[in-house]
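S.K.: Pasting a predicted model and its sequence here:
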Amino acid sequence: MLQFVPTPIGNLRDITLRSLDALRGASLVLCEDTRQAKRLYMLLVQKEILQDCSLEGRDFYSFHSHTKEEKLQNLIPLLKEKDCIYLSDAGMPSISDPGSEIVRFCLKNEIEIDFLPGSNAALLAFGLSGFGDKEFLFYGFLPHKRTQRLKELEDILEFPYPTILYEAPTRLLQLLEEIRYFDKSIELFLVKELTKMYQKTYRGSVEEIEERVQDSSIKGEWCVVIKPKKRESMKIGIEEIIALNLPPKISSKILAKIYNKSTKEIYDEMVSKHKISQ
């Protein structure tokens, strides 16, 4: 069985008891970077968060987006028979990391999997933003190539719900400049270094945030939450549809879609109230 174990995104004390049990019991550890995985083990032991545990007797295998599937094929017997885990570098596995490819591999090869709950930067940022309590879109990292990046960002700014991006410090100012290019009134929420000592938040229009960020350190990983634009609710009425002089059956089908009613109900209303000819 392979358990996907979320890791703290900053504060080591955010690790769960179930995750500690999985770390302690694993004989095979898949991870993005073996150095990061071993460092996590050692830090947890040093802080006495993870007790009665050492690196001895555990095999560590790195896995990233360029890893060949043959490497996993060789591990199938172990994945089916041993207590195995996959560790993300930080946060929830499969979210902007190669864990999703391992999930698909396990499903295809009938390897039992489980996911443990834990830290997630996107959800923390969404909750802190105050931009909503229900629908949102997690978009992750934008492409590096400018043309594709601008195209996707333009679409994002038209979404009717809050959108969450991840951004590296080296491209944060570029991102703010690109958002301002499309709409300088867009309201944003930014947070860097979530759960860490230097966690800091920024809230306001893109112009206001851009000015504040320019004067501060931009080191660290960033979450950016984009507040959707306010849009006036518009519904075309029966009179407007009738004025188009469309055939009655077509008009009633259009209005039924708009008002979520049956075509017959709309058609009967058009005949009785608006005296259209049948």
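M.R.: Yep, that arrived.

S.K.: which secondary structure element contains Lys196?
M.R.: Assigned by DSSP states H and E, Lys196 falls within no helix or strand.

S.K.: How about it: what's its closest non-neighbour residue?
M.R.: Leaving out its chain neighbours, the residue that sits closest to Lys196 by Cβ to Cβ, 6 or more residues apart in numbering is Gly10, at 3.7 Å. (Each C-beta comes from the backbone N, C-alpha and C, glycine too.)

S.K.: where does the one you found land in three-state SS?
M.R.: coil (DSSP: H, G, I helix; E, B strand; the rest coil).

S.K.: by contact count, what packs against the helix or strand in which Ala256 is found?
M.R.: Using DSSP H and E, Ala256 falls within helix 248-259. Under the contact criterion of 3 or more Cβ pairs under 8 Å, 6 or more residues apart in numbering; DSSP states H and E, helix 248-259 touches helix 238-243, helix 263-274.

S.K.: Mean pLDDT added to the ones you listed, as CSV?
M.R.: Below are the helices and strands packed on helix 248-259 laid out as CSV (pLDDT from 0 to 100):
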stretch, mean pLDDT
helix 238-243, 74
helix 263-274, 77
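
S.K.: Need these in CSV (columns: distance to Val5 and mean neighbour count).
M.R.: Listed next are those as CSV, based on distance: least, Cβ to Cβ, whole Å; neighbours: other Cβ atoms under 10 Å:
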stretch, distance to Val5, mean neighbour count
helix 238-243, 56, 14
helix 263-274, 53, 14
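
S.K.: out of these, nearest to Leu75?
M.R.: Among these, helix 263-274 comes nearest to Leu75, with 57.0 Å by Cβ to Cβ.

S.K.: other SSEs contacting the closest one?
M.R.: Counting by 3+ Cβ pairs under 8 Å, 6+ apart, helix 263-274 packs on helix 238-243, helix 248-259.

S.K.: Output the below-cut-off pLDDT ranges for this protein.
M.R.: 65-68, 215-216, 231-238, 273-278 (pLDDT under 70).
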